[in-house]
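**Student:** Quick one, what's the 3D model for this:
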Amino acid sequence: MTWSHPSGGPPQSSPSGPSGAERAAWERGGTTLFPAGRVADRVSTVLLLASGAVLTVLAVVIGIIAVVSAAASCDAAAGCSPGRFLGGAAIAAGGSFVIGVVTVVLAIGAWVRRRSSWWIAAIGFVLAIAVVTWGGVVFAEATDGSAAGSVTAAAASGPAEPTAG
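**Tutor:** Model (predicted):
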């Protein structure tokens with residue numbers, strides 16, 4: 001690991017090397033991209049951010065496929081609206097993307113301030129899961145609404161009454 005300090009190298013007050021206090025004071029002023037105690041924090045943050053990115057990509061791909069397949073069987077006679085399908089997919093994919101961008105910005109801000117950032121990425125990942133679930137529920141309600149409408153209409157007509165013969 002390389003340490004840098006604006007005033008040069010470590011203090012060399014004696015031929016045997018710097019004392020422990022001088023060395024510690026010099027190291028406190030040093031900078032590095034990954035401080036020794038922060039490696040686990042950085043790794044866990046990056047893994048959580050990558051998991052959120054994979055979740056977003058999956059939401060986009062599944063959303064596109066689901067909207068195309070659901071809209072193909074949707075027409076005015078069935079009483080469904082392709083806009084609700086698209087809305088559910090947009091909530092899932094768009095919301096996950098926005099949460100991911102905000103999480104990355106906040107995590108990098110924490111890195112610059114030398115703060116712990118794993119909890120930011122964890123909250124962002126949980127929020128992304130919640131938004132994808134919400135979008136899935138909206139999409140499912142759109143598909144169930146069209147099917148439930150036809151089932152409700154059939155059930156409302158009542159059972160067929162036997163005729164006296």
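
**Student:** Break down this structure into its helices, ranges please.
**Tutor:** Using DSSP state H, the helices found in the chain span residues 20-28, 39-72, 82-112, 118-156.

**Student:** and among the ones you listed, the most buried is which?
**Tutor:** Comparing the helices of the chain by mean neighbour count (mean count of other C-beta atoms under 10 Å), helix 82-112 comes out on top with a mean of 18. Bear in mind the C-beta positions are built from the backbone N, C-alpha and C, glycine included.

**Student:** for Pro116, phi and psi?
**Tutor:** For residue 116 the amino acid is Ser, not Pro. Backbone torsions of Ser116, given as degrees, to the nearest 10, read phi -70, psi 140.

**Student:** where does Arg115 fall, phi/psi-wise?
**Tutor:** The phi/psi pair for Arg115 (degrees, to the nearest 10) is phi -110, psi 160.

**Student:** Quick one: residues contacting the closest residue to Val60 other than its chain neighbours.
**Tutor:** Nearest in space to Val60, with sequence neighbours left out and distances taken as C-beta to C-beta, 6 or more residues apart in numbering, is Ala93 at 4.4 Å. Neighbour list for Ala93: Thr56, Ala59, Val60, Gly63, Gly135 [criterion: C-beta atoms under 8 Å, 6 or more residues apart in numbering].

**Student:** Return the closest of those residues with respect to Phe85.
**Tutor:** Gly63 (9.1 Å; C-beta to C-beta).

**Student:** how close does the residue nearest to Trp118 when sequence neighbours are not counted get to Phe125?
**Tutor:** Closest residue in space to Trp118, ignoring its immediate chain neighbours: Ser44 at 4.4 Å, by C-beta to C-beta, 6+ apart. Separation of Ser44 from Phe125 (C-beta to C-beta, to the nearest Å): 11 Å.

**Student:** next one: Ala59
**Tutor:** Relative to Phe125, and taking C-beta to C-beta, Ala59 is found at 13 Å.
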